[in-house]
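> Here is my input, please return the structure:
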Amino acid sequence: MQERTGATGGGRVLGRVRVADDSARVTTFELFFDLVYVFAFTQISRLMAETHSAFGILQALIVLGLLWWTWCAYSWLANQAPADQGVLRVGMGIAMISVFVVALTVPEAYDDLPGGWSGPLVLVLAYILVRLVHLTLYLVAAGDDRGLIAQVLRTQAVAMLPAAIALLVGALLGGPAQTWIWLAAFLWDFVFTYASSRGGGGWRLHSPAHWAERYGLVVILALGESIVAIGVGVAREPIDGAITLGTVLAVVLSILLWWAYFARVADAGEHELLRRTDAARVVLARDAYTYAHFVIVAGIILGALGVEDAMAHITESEPFGGFGAAALGSGLAVYLGGTALFARLVGMPWQWVRLIAALGLAAAIPLLALITPMAALATVVAVVGISLAVEGASRRRVAEDRATIQG
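Numbers count the residues shown, from 1 in each chain. As a prediction, the model looks like this:
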């Protein structure tokens, strides 16, 4: 197949699709595509809040996993071929509509509402359509790259197809079995996608800058949910001192979460991607981003649920309660642990301070449940803030010691 230089972006053109190169960056259409996930994340938080149970949180996290898998699929696609091309725009437009339908049906993912179509079945069919569109677009974007074509088909056959069938079975069966079948389907796709990509497989990663920026943006989307959660809890309450103070604490917490990722570990990821090439780069992109970032995003959304619950009762002097405390403490613990894992995968030393803070937050859940919502927010802000301050001081000492040795 004839190759020529693309008119924009400096990539190769295979047939009528321009392939990305190492100068590719995130396109405005990808940012537009992500807007449906803003709504989807809000729906996930809503499902968690309405079920108000550990089992309900598990159900919501399963749906989050399915949505995450669709987002990751298109992040890989856009790194192969820029999304601002006719065929990709059309295909991703169809995927956007389908993802929005998935998000619309999240509240009835497990309990179908009276009237209308079956919510669980519509969710699964829309999800499968998203994946089939992705498969088609990836085969087009692969051009004459036989290794990539083989990898795409192998992964869909081994991982996606069995998982899709299981999701359909679960939707049709309903009841308690649905949750466990859907969990098994997600885990199957999660595990066998990884297994089919052993050693990087035939995947390609063209632009480290695009990749790091893409995943940074989805972290921003999730952090946006943590901001929205603040307002959801008190939107219809008259403003007073308690609400103002609670808002200050909750926003400071979101800023600290931003700081923990973007000011401390994000750049290291992009630098490590640039340092690596070929299969080693693909493996890092898979492990540190596609997989580790799911932990980071899940932690943010779970923590946002705790913030929303705290803000809903911020003026009360009663104990916070087990549900809100568990969501807040475990969400922040998962987030800190996820960022520490990401940092280690991209070549940084283990972030022991934030790992200790994560364990401390998890262990403090019973205490958070016994104190007021305001005190719970203040406690987690203090723990996260102090841990980042200690971590920063430790880094400065290490840098000073190195400068002294080199001098």
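> got the contact list for whatever helix or strand Ala268 lives in?
Under the criterion of DSSP states H and E, Ala268 resides in helix 266-275. With Cβ atoms under 8 Å, 6 or more residues apart in numbering as the contact definition, helix 266-275 has outside contacts at 205, 208-209, 211-213, 215-216, 281, 284-285, 288-289, 342-343, 346-348. Backbone N, C-alpha and C define where each C-beta goes, glycine included.
> okay, and for the chain, where does confidence drop off?
Residues of the chain that meet the criterion pLDDT under 70 lie in 1-16, 398-407.
> The same query, at a cut-off of 80, please.
1-17, 23, 233, 235-236, 398-407 (pLDDT under 80).
> what about the strands in it?
Applying DSSP state E to the chain gives strands spanning 3-5, 12-14, 17-18.
> Please point out which parts of the helix holding Ala268 sit buried.
266, 268-270, 272-273 (16 or more other Cβ atoms under 10 Å).
> Check stretch 317-326 too.
319-321, 323-326.
> Could you do stretch 241-249 as well?
Residues 242-243, 246-247, 249 are the ones in stretch 241-249 that count as buried (16+ other Cβ under 10 Å).
> Show me what it is in contact with.
Against stretch 241-249 from outside (Cβ under 8 Å, 6+ apart): 230, 234, 237, 310-311, 314-315, 373-374, 377-378, 381.
> Same check on stretch 182-201?
Outside stretch 182-201, the residues that reach it (Cβ under 8 Å, 6+ apart) are 58, 62, 65-66, 69, 151, 154-155, 158-160, 162-164, 166-167, 170, 203, 278-283, 286, 291.
> hmm, back to that, inside helices: which ones of the buried residues of stretch 317-326?
Applying DSSP state H to the buried residues of stretch 317-326, the entries found in helices are 323-326.
> Report how many residues lie close to the residue lying closest to Pro107 once chain neighbours are set aside.
Closest residue to Pro107 apart from its sequence neighbours, by Cβ to Cβ, 6 or more residues apart in numbering: Leu47 at 6.0 Å. Neighbours of Leu47 under the rule other Cβ atoms under 10 Å: 23.
> Leu47 and Val334, how far apart?
In this view, Leu47 and Val334 are 18 Å apart by Cβ to Cβ, to the nearest Å.
> got the contact list for Ala150?
Gly202.
> pull the CA atoms of stretch 317-325 into PDB?
The C-alpha coordinates for stretch 317-325 follow below in PDB (Å, rounded to 0.1, in the frame of the first residue of the first chain):
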ATOM      1  CA  SER A 317     -23.300  17.400  64.800                       C
ATOM      2  CA  GLU A 318     -24.100  13.700  64.500                       C
ATOM      3  CA  PRO A 319     -21.400  11.100  63.600                       C
ATOM      4  CA  PHE A 320     -20.600  10.800  60.000                       C
ATOM      5  CA  GLY A 321     -21.600   7.200  59.700                       C
ATOM      6  CA  GLY A 322     -20.000   4.100  58.200                       C
ATOM      7  CA  PHE A 323     -21.000   4.500  54.600                       C
ATOM      8  CA  GLY A 324     -19.700   8.000  54.000                       C
ATOM      9  CA  ALA A 325     -16.600   7.300  56.100                       C
END
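> chain center to that stretch: distance?
In terms of Cα atoms, centre = their mean, to the nearest Å, the centre of stretch 317-325 is found 27 Å from the chain centre.
> count of residues packed around Asp278?
Neighbours of Asp278 (other Cβ under 10 Å): 10.
> Brilliant, that's me finished.
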